[in-house]
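Chemist: can you look at this prediction? I've put the sequence above it.
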Amino acid sequence: MADSSETSERTIAPVPRITIQAFCETGETAAMIEGAALDRRMQKAQVKVRMGGGAAAIEAYRHAPTPNVIVIETQGVRSKPVECLDALAEVCDEGTRVLVIGHVNDVTLYRQLIQRGVSDYLMAPVEPLTLIAAISDLFTAPGVKPVGRTVAVYGVKGGIGASTVAHNFAWSVARNQGVQTVIADLDIAFGTASLNFNQDPPQGIAEAVFAPERLDSALVERLLSKCCDNLSLLSAPASLDRTIDLSEPAFDSLIEYLRASVPCVVLDIPHQWSAWSKRVLTAADEILIVAGPDLACLRNAKNLLGALKHGRPNDQPPRILLNGVGMAKRPEIGAAEFAKALDAPIAATIPFEPTLFGTAANNGQMIAEIQAGSKVAELFNDLAAVTLGRPETRRSKSSLLEPLLAKLAGRKAS
């Protein structure tokens, strides 16, 4: 039986383009399935909900083809689940999968249903993510690598430093967390990832986006350039030789290929609000929203949280990052006040360090490569750990006596 406690701890693969029809006996289950159908992972599936349980399903398919997945709710013995499934088997097309939502925790019944070809038995009440995971698992072949996790980074205002955050975050995931990572620069016209990583790849993301018919795993491999251990870059051409008018699903296939090849994909999304940017943000497993401590950022962040909430009802809310905090002589909205206005916590506060960030940008390096033990470098490492669901790794503060003790140790060794 499916365990809802484990569902939120793993990445659920999007449900493919299939048809799903549910036959419910209670209004609560019908409402749950209708809500699950609105989830971002179900955007390709066609879902239809009916009442009547197993009896209604049998009647519906006597003279009609069956969908890819049938979901049947049964309230126990009075619903005659075994008899219903035997009758349903006579009208089901080959290849149709059946999920049963039951109200009885009975191992014997579970075994009887599995023996009759039921794909899974879910105990009511069922959480939307549990149902989505069960359907997704039906179309994941055994032995297939787990789907990679996508982290979208988006700035609520232009020039707020979202790309810098995305690049340093990806570097920390790859180097300090030891996770194979790809950072994809989606700002085709003005992307800065290649500059920040001191790369000059001959090809980039435009090759995949403007010629989707050529997209395959081999092409994606050719487009990636290696930045460091565990980190590869899919750069933007930063060229204005053509206008960038992208369709809503422009990045869908590319992101699917990346998810299938690496455990973590960091999406550096430019500050624009279009059909494709909203789609990519909504579909991401994690969202990092970068804002500054000012009124415009507060307003934009609040609007963005509201816009994303409808399409992500079953996901954790985005993490809010305040960037460039503590600039001298500049009036700022404090982190606590910012969080209160958003009714959301601040995940990280990145201090204003112009020399450190400027040196890193000019050298084409990450913050940790310039000052490995700095507060900002540790902040990015902690953010990477938290986003991946790992414990934060705080370094102990170094003692003022450490240099002297090191010298004494060297003398004793000699």
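Modeler: On my side now, so go ahead. Residues are numbered from 1 along each chain as shown.

Chemist: identify the residue nearest residue 194 in space, chain neighbours excluded?
Modeler: Excluding the flanking residues, the one nearest residue 194 by C-beta to C-beta, 6 or more residues apart in numbering is residue 235, at 4.1 Å. C-beta coordinates here come from the backbone N, C-alpha and C atoms, glycine included.

Chemist: quick check: the one you found touching residue 195?
Modeler: No: judged on C-beta atoms under 8 Å, residue 235 makes no contact with residue 195 at a distance of 9.2 Å.

Chemist: which phi and psi values does residue 234 adopt?
Modeler: When read as degrees, to the nearest 10, the backbone of residue 234 gives phi -110, psi 100.

Chemist: same deal with residue 265?
Modeler: The phi/psi pair for residue 265 (degrees, to the nearest 10) is phi -120, psi 120.

Chemist: what is the burial count for it?
Modeler: Neighbourhood size, residue 265 [other C-beta atoms under 10 Å]: 25.

Chemist: for it, what are its contacts?
Modeler: With contacts defined as C-beta atoms under 8 Å, 6 or more residues apart in numbering, the neighbours of residue 265 are 148, 149, 150, 151, 181, 182, 183, 184, 255, 258, 259.

Chemist: partner residues bridging it?
Modeler: Going by DSSP bridges, residue 265 is paired in beta bridges with residue 150, residue 182.

Chemist: from residue 342, how far off is it?
Modeler: 26 Å (C-beta to C-beta, to the nearest Å).

Chemist: try residue 272
Modeler: Taking C-beta to C-beta, one finds residue 272 at 22 Å from residue 342.

Chemist: low-confidence ranges, the protein, go.
Modeler: Residue ranges of the chain with pLDDT under 70: 1-10, 141-146, 391-414.

Chemist: run the last query once more with 80
Modeler: Residues of the chain meeting the criterion pLDDT under 80: 1-11, 76-79, 94, 106, 140-147, 201-203, 212-213, 217, 390-414.

Chemist: point to the residue nearest the middle of it.
Modeler: residue 285 (1.3 Å; C-alpha atoms, centre = their mean).

Chemist: confirm for me that it is in contact with residue 151.
Modeler: Yes: in this structure, residue 285 is within contact of residue 151 by C-beta under 8 Å, at 6.9 Å.

Chemist: ok, and what's touching stretch 291-310?
Modeler: Residues outside stretch 291-310 that contact it (C-beta under 8 Å, 6+ apart): 154-157, 160-161, 278, 281-282, 287, 289, 317-318, 320-325, 332-335, 338, 341-342, 344.

Chemist: higher neighbour count, residue 272 and residue 342?
Modeler: Neighbour count, other C-beta under 10 Å: between residue 272 and residue 342, residue 342 has more, with 18 against 13.

Chemist: buried set for stretch 265-285?
Modeler: 265-271, 276-285 (16 or more other C-beta atoms under 10 Å).

Chemist: with only the CA atoms kept, save that stretch in PDB.
Modeler: Output of stretch 265-285 as PDB, limited to C-alpha atoms (Å, rounded to 0.1, in the frame of the first residue of the first chain):
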ATOM      1  CA  VAL A 265      19.100  21.300 -12.400                       C
ATOM      2  CA  VAL A 266      19.400  25.000 -11.500                       C
ATOM      3  CA  LEU A 267      17.400  27.300 -13.700                       C
ATOM      4  CA  ASP A 268      18.600  30.900 -13.900                       C
ATOM      5  CA  ILE A 269      15.400  32.600 -15.100                       C
ATOM      6  CA  PRO A 270      15.500  36.200 -16.400                       C
ATOM      7  CA  HIS A 271      13.400  39.000 -14.900                       C
ATOM      8  CA  GLN A 272      10.400  38.900 -17.200                       C
ATOM      9  CA  TRP A 273       6.800  37.800 -16.900                       C
ATOM     10  CA  SER A 274       5.800  35.800 -19.900                       C
ATOM     11  CA  ALA A 275       3.900  32.500 -20.600                       C
ATOM     12  CA  TRP A 276       7.100  30.500 -20.700                       C
ATOM     13  CA  SER A 277       8.700  32.000 -17.600                       C
ATOM     14  CA  LYS A 278       5.600  31.500 -15.500                       C
ATOM     15  CA  ARG A 279       5.400  27.900 -16.800                       C
ATOM     16  CA  VAL A 280       9.000  27.100 -15.900                       C
ATOM     17  CA  LEU A 281       8.600  28.700 -12.500                       C
ATOM     18  CA  THR A 282       5.400  26.900 -11.700                       C
ATOM     19  CA  ALA A 283       6.800  23.500 -12.800                       C
ATOM     20  CA  ALA A 284      10.000  23.800 -10.700                       C
ATOM     21  CA  ASP A 285      10.500  21.500  -7.700                       C
END
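
Chemist: which parts of the helix or strand containing residue 296 are buried?
Modeler: According to DSSP states H and E, residue 296 maps onto helix 295-309. For helix 295-309, the neighbour count (16+ other C-beta under 10 Å) marks 297, 298, 300, 301, 302, 304, 305, 308 as buried.

Chemist: just how off-centre is it within its chain?
Modeler: Chain-centre distance of helix 295-309: 19 Å, with C-alpha atoms, centre = their mean, to the nearest Å.

Chemist: skip ahead from that helix and say which helix or strand is next.
Modeler: strand 319-325.

Chemist: report all helices and strands that that next one contacts.
Modeler: helix 162-175, strand 286-291, helix 335-342, strand 346-351, helix 375-387 (3 or more C-beta pairs under 8 Å, 6 or more residues apart in numbering; DSSP states H and E).

Chemist: nearest to residue 65, of those?
Modeler: strand 286-291 (38.9 Å; C-beta to C-beta).

Chemist: so what strands line up beside the closest one?
Modeler: Partner strands and pairing direction for strand 286-291 (DSSP bridges) are strand 149-155 (parallel), strand 319-325 (parallel).
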